[in-house]
Structures are given as C-alpha cells and as structure tokens.
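> Okay, sequence plus prediction incoming.
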Amino acid sequence: MKTGQFRMFSSRVAGIRAVKAETGYSFPKHTHDQFGIGIIESGAHASLSGRGLVRAEAGDVICFNPNEVHDGMPIGESRAWTMLHFDPPVIGALLNDIGEGRIGGAEFPSPVIRDSQMAACFRALFPLLVGNSEPQDALLQDGLLLSLVAAVMGEGAQTSRDIAIPAAIRRARDLIEEDPSAPLTLAELADACGLSHFQFLRAFTRATGLTPHAYLLQRRIHEARRLIASGTSLAEAAFASGFADQSHMTRLFVRNFGISPGAYAAAVC
C-alpha cells in the first residue's frame, strides 16, 4: 500500500523489511535498529555520521549499521531510494555462513558503494523478496542475498563497534536496550558504570554519538514502530514504548521517519 512518498512491502524472508521512498525531507540525527542495504534511484543524497560526510548519487549502493548515528538530506529538491532493512540476526546468520563463523560480529564498512554489478544484484534480488515468486526462485533468491551481503562486506573489513565501546558504557546501553520504556535516570545509569554523572554523560556521548536521553528516545521510537507494525493501536504503542503521550510519540516518529505513525500503520497493516 502506498502512503505519501513512502511504500512499504511485505518480504518473503522473515526479518527483512522492504521500502521504496521519494522525498525532499531532511532527516535529523537518528539511528536504525536494523542493517540496511539499498540503492539511490534518482537524485542525490548527503549524510553525516561518525564515518564522515558522504554523498550518494543515482545508481549508488547505500548501507548503514544498527545504532549508527547519522542524518540525511537531499542534494537538490528530492531523491528516491529503494532499501532492504535486515534484522541483526539475519545479517549475523548470513555473515556466519559467508565467513565460516569468523565474521559474525562484523559491520558494513562503506556507507556508499559505486559498483554497477552490486547494484544489479540488488535490483535482481528486490522483486524476488517482495513479489509473488515461484518456489523454484528460492535458489536464485538465496544466492543473490548471500552474494549481495558478501559484496558489501568485501568493500572493507571492520570489526563490531562494540569493541570500541568501553565495557562500562555497554552496561548502561544494555540497560536502555533491555527495557526502553523504563524511566531510567542519569544517576542510575552512571552508577551502573561506576562513573560520576558528568563522566558518564561525556563517555556515553563520545562512545555512541548520542546523549543517554537521545539514545533512549531512539530506542523508544523504534519500539513504537515495531508495535505499530504488529497491529498495536497508536495510543497503546505510545504507552508501551515509554512515551508520555501519543502526541510526543507522533512528533518524534515524524522527525525520525518522515511519515506519521498513522500513515505508517496504514502502509504496513
């Protein structure tokens, strides 16, 4: 179902979400809770993250990792893209197979890749994942999926960002991840790390690219999106994900995803 400038598709593979979009919206700093591989269909796009300022043009393959803080804006009036979002266990299983157990915790190393063969692989895979493929297409689909992820990983080697995050900060991050709806305080998180409030605030922001509060809001809005996609009402999703009210959830949802929760619900349900 098409909603505004965003179109969401059901995928034949569990843990993969497919999206087509065309928009001139400039996204503020945000994160995703999934891996992403896509292609710029038209126009051009710029994004600033911990990996620097990158520019993607029509035909370029674009990638992102979970919890990678970045923004995004059109170069010109608008841009269009097609994207596959992968739950981390899906990519973990593929990388475990590709690397024979040696690279299960790796990340996509390059945010933009200019490679016509990789782009052709993506274009061949997308309709197999979202269309009414025949059973005999499963072999082609699985082969293209492995080939695409292997090609993206082949752009470089980079171990998981968790290695660079101090263990104490990971403990605080895990507290947020375990229950984003919990009313955590700076004092509770700092105590879990054994740091003063200011030391914790500075260390967490340096390690993750977001303040603890901003990180918590990111986790809440991703949880709200998951609940909405599962059919939960907007009011219930706001409450269950820890927002004070539905309007607060709506403001952050639009800011992050460029679409209202109601429009998103209509597109995926």
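Done, it's in.

> Assign a three-state SS to residue 180, would you?
coil (DSSP: H, G, I helix; E, B strand; the rest coil).

> I'd like to know how far the spatially closest residue to residue 30 that is not a sequence neighbour sits from residue 147.
Closest residue to residue 30 apart from its sequence neighbours, by CB to CB, 6 or more residues apart in numbering: residue 256 at 4.8 Å. To be clear about C-beta, it is placed using only N, CA and C from the backbone, and glycine gets the same treatment. When distance is defined by CB to CB, to the nearest Å, residue 256 is 31 Å away from residue 147.

> ok, now which ones touch the residue nearest to residue 30?
27-28, 30, 218, 221 (CB atoms under 8 Å, 6 or more residues apart in numbering).

> can you give me how far the longest strand along the chain is from the chain middle?
Longest strand of the chain, by residue count under DSSP state E: strand 70-86. Its chain's C-alpha centre and that of strand 70-86 lie 12 Å apart, by CA atoms, centre = their mean, to the nearest Å.

> Give me the sheet partners of it and which way each runs.
strand 16-23 (antiparallel), strand 27-30 (antiparallel), strand 35-49 (antiparallel) (DSSP bridges).

> now the ones you listed in TSV, with distance to residue 198, mean neighbour count and mean pLDDT?
What follows is the strands paired with strand 70-86, written out as TSV (distance: least, CB to CB, whole Å; neighbours: other CB atoms under 10 Å; pLDDT from 0 to 100):
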stretch	distance to residue 198	mean neighbour count	mean pLDDT
strand 16-23	39	19	93
strand 27-30	22	15	90
strand 35-49	26	19	94
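
> Let's have these in CSV, adding distance to residue 65.
Below are the strands paired with strand 70-86 laid out as CSV (distance: least, CB to CB, whole Å):
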stretch, distance to residue 65
strand 16-23, 16
strand 27-30, 13
strand 35-49, 6
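
> Between those, which one is closest to residue 109.
Between residue 109 and the strands paired with strand 70-86, the shortest gap by CB to CB is with strand 35-49, which sits at 12.2 Å.

> What's the first helix or strand after the closest one?
Using DSSP states H and E, the helix or strand that follows strand 35-49 towards the C-terminus is strand 52-57.

> what's that following strand in contact with?
Counting by CB under 8 Å, 6+ apart, 40, 44-48, 62, 75, 111-112 sit against strand 52-57.
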